[in-house]
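K.L.:
Predicted model and sequence follow; I will ask about them next.
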Amino acid sequence: MERDDFKIRCYGWSELAIAYNPEVCTETARKRLRQWVLRNPRIGQALEENGYVKGARLLTPEQVRILVRFLGEP
């Protein structure tokens with residue numbers, strides 16, 4: 001399902017995970033998004049090159065763009 005209202009901005013990891021997985025609880029959504037990132041090393045590398053560190057709770061707009069580039073819009 002495409003969302004016309006998705007905006008590139010700062011997102012909390014949980015907030016973005018829920019946008020990608022609205023049908024599951026927050027914890028499951030976070031884990032699922034993390035699994036997607038771990039399964040594709042290029043995503044993790046691109047995030048790290050843009051300042052992401054493990055455990056960060058807030059994603060910058062550029063980090064969100066990276067996720068959208070690899071995963072598509074939520």
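P.N.:
Perfect, thanks for sending it.

K.L.:
how long is stretch 38-58 from one end to the other?
P.N.:
From its first residue to its last, stretch 38-58 covers 18 Å (Cα to Cα, to the nearest Å).

K.L.:
longest helix of the chain?
P.N.:
The longest helix of the chain (DSSP state H) is helix 26-39.

K.L.:
After that one, which helix or strand is next?
P.N.:
Next along the chain after helix 26-39, taking DSSP states H and E as the criterion, comes helix 41-49.

K.L.:
Tell me which residues touch P22, please.
P.N.:
Applying Cβ atoms under 8 Å, 6 or more residues apart in numbering to P22 gives the contacts A29. The way it works is simple: take the backbone N, C-alpha and C, and place the C-beta from them, glycine included.

K.L.:
what about the longest helix of the chain, average pLDDT?
P.N.:
On average, the pLDDT along helix 26-39 is 96.

K.L.:
pLDDT of stretch 47-57, averaged?
P.N.:
Mean pLDDT, stretch 47-57: 93.

K.L.:
How far away from the center of its chain is that stretch?
P.N.:
Chain-centre distance of stretch 47-57: 11 Å, with Cα atoms, centre = their mean, to the nearest Å.

K.L.:
Buried residues in that stretch, which are they?
P.N.:
Applying a neighbour-count criterion of 16 or more other Cβ atoms under 10 Å, one finds 47, 52 buried in stretch 47-57.

K.L.:
can I get the CA coordinates of it in CSV?
P.N.:
What follows is stretch 47-57, C-alpha atoms only, in CSV (Å, rounded to 0.1, in the frame of the first residue of the first chain):
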residue,chain,number,x,y,z
LEU,A,47,23.8,4.1,7.3
GLU,A,48,27.1,4.0,9.1
GLU,A,49,28.7,6.2,6.5
ASN,A,50,26.0,8.7,7.3
GLY,A,51,26.6,8.7,11.1
TYR,A,52,24.3,5.9,12.3
VAL,A,53,25.6,4.0,15.3
LYS,A,54,24.1,0.9,16.7
GLY,A,55,21.5,1.7,19.3
ALA,A,56,20.7,5.1,17.9
ARG,A,57,17.0,5.9,18.5
